[in-house]
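**Q** Generate a structure from the sequence data that follows.
(one chain, ligands or ions: 2)
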Amino acid sequence: MSKVLVSDPIDQAGIDILSQVAQVDVKTGLPAEELVRIIPDYDALMIRSETRVTQEVIAAAKQLKIIGRAGVGVDNVDVPAATRQGIVVVNSPEGNTIAAAEHAIALMLSLSRSIPDANTSIKSGKWERKLFVGTEVYKKTLGIVGLGKIGSHVAAVAKTMGMKLLAFDPFISTERAENIGCRLVDMDLLLREADYITLHIPKTPETTHLINAEALAKMKPTARIINCARGGIIDEVALAEAIKEGKIAGAALDVFEKEPLGESPLCAMGKQVILTPHLGASTAEAQVNVAIDVAEQIRDVLLGLPARSAVNIPGLYPDVLEKLKPYLRLAETLGNLVSQLAGGRVESLNVHLQGELATNDSKPIVIAALKGLLYQALRERVNYVNAGIEAKERGIRVIETRDNAVRDYAGSLHLEAKGSLGEHSVTGALLGDGEIHITDINDFPINVPPTHYMLFTLHRDMPGIIGKIGSLLGSFNVNIASMQVGRKIVRGDAVMVLSLDDPLPEGVLDEILKVPGIRDAYTVTL
Ligand SMILES: NC(=O)c1ccc[n+]([C@@H]2O[C@H](COP(=O)([O-])OP(=O)(O)OC[C@H]3O[C@@H](n4cnc5c(N)ncnc54)[C@H](O)[C@@H]3O)[C@@H](O)[C@H]2O)c1
Ligand SMILES: O=C(O)[C@H](O)COP(=O)(O)O
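**A** Ligands and ions are numbered 1, 2, ... in the order given. Presented below is the predicted three-dimensional model:
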């Protein structure tokens, strides 16, 4: 039975799903070295933002197939290291969107009405009405940095509260922003005009310290900033300084450069600063959503099915997958076949998609072809996650071409491998019942289903050659299951494809190559 380690607090709904297919161990708050020690036993790891899945953890995770992040941000996971090791990383891109957006709005309103301090004051027996006179958000300008899922929901709510909306997001169109009710502007203008700024961007090298002393200096002295996205997007030292010097009016932060926060100049500040301990996603609803979403994906991957929200492999939704699955098998088989024909190092792979295959998302097909191509070199180490990166690291150039026209089959796939030992090509298609047929080898037409052991020869089309190969194999007790010849012209060159019941014993291929008229011969195991 598979084993899943849950190393952060996850809703029971997720644990229940995992328990259907695996032994689930919940061990939260593990020190880093303890995680490295126990991870080799596990097939799957389910986390939130607290567990740091470092390169060291991944290197130790010899059996790990999937890391499931019950939430959005995967910045606590070394995704490139996981990818290189063939580990799928999945998240829940939408499960906590509403929770995070509502938290940002809650922080904005709390800042403008000093709710936390007023609460503390009254609970300590005071009645300080004058001290807590606030400001309205109605007709104020909200600058939204990052107009993705959370930013868009914040925009929708803020709009209904009568706020004017500015947005900065270099990756979305003016039309999309306008549809959400936002004016798309540059960051400089947003900083200068907004009364409230709310951040909803990922933390990347470009966004780290996006809000630094220089940016803070551009803001209005009455402006307030909210960060419910990721710690480190705001330079916390510069922020504390800017508030102290009256350069801005306040800030509310849910996320921090270092979590847990520990000592910080922000903790000593009064009602201008509101801090929450990374609570954006902490609603009952969001935790059920993300736990179910990610647990289902872990369950599926452990059962050999694809994940719908993988961050490091092309996402395959069940309906797309159902349609593509037979073609993925075809691509993998042909990739494996062409690499065995090519023999040596493959330098480039041309993937030509024909007919209905050309109208689908080609990325999974290309990945499947590469997985097949690399199988001889990497065996079980290659999978859908790392096939692309492994091919890239080996310098294999991938060229993709497509032709929508339907020929003999609804869809067919042609792979052409150029390598150190020459060029080889194979074409394959699916029959009506989904059976794979190889329809072309090195431009010779044939029509055979792939089998476990196969022998391919290139020879002169002349009498007696088929018989000689047959008796040679017979003399080595190799049984032929089927045989087919493909040729372009009579008595020119031809290919012979034999399906064998047994593997070729050592030395037989050399004997075949000695048969007069045989130009080349290849054994293939699929
Ligand atoms: N506080 C929490 O508990 C909590 C909960 C959920 C998500 N988050 C965080 O919130 C953030 C947003 O999440 P989301 O689901 O909306 O993501 P999303 O991918 O839907 O949206 C992010 C948006 O940021 C934009 N963007 C990227 N780089 C940018 C840049 N340099 N400048 C401006 N815009 C840029 C993208 O174009 C995109 O539209 C993420 O950092 C996520 O990890 C935090
Ligand atoms: O990226 C996220 O989903 C949020 O930061 C939530 O993190 P959490 O799961 O640790 O609450």
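**Q** dump the residue contacts of the closest residue to ligand 1 within the chain.
**A** Shortest the chain-to-ligand 1 distance, computed as C-beta to the nearest ligand atom: residue-wise this is Gly148, at 1.7 Å. No exception for glycine: its C-beta is placed from N, CA and C like everyone else's. Counting by C-beta atoms under 8 Å, 6 or more residues apart in numbering, Gly148 touches 169, 200-201.
**Q** Need the residues you listed in JSON lines (columns: pLDDT, distance to ligand 1 and secondary structure).
**A** As requested, those are exported to JSON lines (pLDDT from 0 to 100; distance: C-beta to the nearest ligand atom, whole Å; DSSP: H, G, I helix; E, B strand; the rest coil):
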{"residue": "Asp169", "pLDDT": "91", "distance to ligand 1": "4", "secondary structure": "coil"}
{"residue": "His200", "pLDDT": "97", "distance to ligand 1": "4", "secondary structure": "coil"}
{"residue": "Ile201", "pLDDT": "94", "distance to ligand 1": "4", "secondary structure": "coil"}
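**Q** Burial check on Lys325, number of neighbours?
**A** Lys325 has 16 neighbouring residues, counting by other C-beta atoms under 10 Å.
**Q** Ok, Pro80 next?
**A** Applying other C-beta under 10 Å, I find that Pro80 has 12 neighbouring residues.
**Q** Write the PyMOL selection for whichever of the contacts of Gly148 are buried.
**A** Here the buried members of those are turned into a PyMOL selection, burial being counted by 16 or more other C-beta atoms under 10 Å:
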select buried, resi 169+200+201
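**Q** of the contacts of Gly148, closest to ligand 2?
**A** Using C-beta to the nearest ligand atom, His200 is the member of the contacts of Gly148 that sits closest to ligand 2, with 11.2 Å.
**Q** Could I get the contacting residues of the closest one?
**A** Contacts of His200 by C-beta under 8 Å, 6+ apart are 100, 104, 144-148, 150-151, 154, 228-229.
**Q** Mind checking which of those residues land in helices?
**A** Using DSSP state H, the members of the contacts of His200 that fall in helices are 100, 104, 150-151, 154.
**Q** so which of those residues would you say is closest to ligand 2?
**A** Nearest to ligand 2 among the ones in helices among the contacts of His200: Ala100, at 6.7 Å, using C-beta to the nearest ligand atom.
**Q** Dihedrals phi and psi, the closest residue to that closest one other than its chain neighbours?
**A** Nearest residue to Ala100 in three dimensions, chain neighbours excluded: Gly280, at 4.0 Å (C-beta to C-beta, 6 or more residues apart in numbering). Dihedral angles phi and psi of Gly280 (degrees, to the nearest 10) take the values phi -50, psi -40.
**Q** distance of Gly280 from ligand 2?
**A** From Gly280 across to ligand 2, the span is 6 Å (C-beta to the nearest ligand atom, to the nearest Å).
**Q** ok, that residue touching Arg230?
**A** No: applying C-beta atoms under 8 Å, one finds Gly280 not in contact with Arg230, separated by 10.0 Å.
**Q** so what sits against both of those two?
**A** Looking at what touches both Gly280 and Arg230 (by C-beta under 8 Å, 6+ apart), the common residues are Val255.
**Q** between those two, who's got more neighbours?
**A** Using other C-beta under 10 Å as the criterion, Gly280 and Arg230 rank with Gly280 on top: 27 against 24.
**Q** show me the contacts for that one.
**A** With contacts taken as C-beta under 8 Å, 6+ apart, Gly280 has the following neighbours: 96, 99-100, 103-104, 228, 254-255.
**Q** let's go with 7 Å and repeat that
**A** Going by C-beta atoms under 7 Å, 6 or more residues apart in numbering, Gly280 touches 99-100, 103, 228, 254.
**Q** which one of those residues is nearest Arg113?
**A** His103 (15.9 Å; C-beta to C-beta).
**Q** Next up, the contacts around that closest one.
**A** 228, 254, 279-280.
**Q** which one of those residues sits closest to ligand 2?
**A** The shortest distance between ligand 2 and any of these, using C-beta to the nearest ligand atom, involves Gly280 and amounts to 5.6 Å.
**Q** rewinding a little: farthest-separated two in the contacts of His103?
**A** Across those, the two members that end up farthest from each other (C-beta to C-beta) are Cys228 and Leu279, 8.9 Å apart.
**Q** joint contacts of those two?
**A** Common neighbours of Cys228 and Leu279 are listed as 103, 254 (criterion: C-beta under 7 Å, 6+ apart).
**Q** Helix, strand, or coil at Ile58?
**A** In terms of secondary structure, Ile58 is helix; the call rests on DSSP: H, G, I helix; E, B strand; the rest coil.
**Q** for Val485, same thing?
**A** Relying on three-state DSSP, one would call Val485 strand.
**Q** Which strand residues bridge it?
**A** Beta bridges link Val485 to Met496 when assigned by DSSP bridges.
**Q** didn't it look like it was pressed against Asp493?
**A** No: shown here, Val485 and Asp493 do not form a contact pair, counting by C-beta atoms under 7 Å, at 11.0 Å.
**Q** that older thread, compare Cys228 and Leu279 (neighbour count), which wins?
**A** Comparing Cys228 with Leu279 by neighbour count (other C-beta under 10 Å), the higher total belongs to Cys228, at 28 against 15.
**Q** Dump the contacts of Gly148 to CSV, plus distance to ligand 2.
**A** What follows is the contacts of Gly148, written out as CSV (distance: C-beta to the nearest ligand atom, whole Å):
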residue, distance to ligand 2
Asp169, 18
His200, 11
Ile201, 12
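**Q** Tabulate the contacts of Gly148 in JSON lines, adding columns for distance to Ile243.
**A** As requested, the contacts of Gly148 are arranged in JSON lines below (distance: C-beta to C-beta, whole Å):
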{"residue": "Asp169", "distance to Ile243": "26"}
{"residue": "His200", "distance to Ile243": "21"}
{"residue": "Ile201", "distance to Ile243": "22"}
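**Q** So which of the contacts of Gly148 is the closest to Leu430?
**A** Proximity to Leu430 was ranked across the contacts of Gly148 by C-beta to C-beta; first place goes to Asp169, at 42.4 Å.
**Q** For the stretch 251-400 of the chain, what lies in contact range of ligand 1?
**A** If contact is defined as C-beta under 6 Å from any ligand atom, the residues of the stretch 251-400 of the chain in contact with ligand 1 are 254-255, 278, 280-281.
**Q** can you pick the most crowded of these?
**A** The most neighbours, when these are compared by other C-beta under 10 Å, belong to Gly280, which has 27 neighbours.
**Q** Now the two most distant members of the residues of the stretch 251-400 of the chain next to ligand 1.
**A** Among those, the pair separated by the greatest distance (C-beta to C-beta) is Val255 and Ala281, at 10.7 Å.
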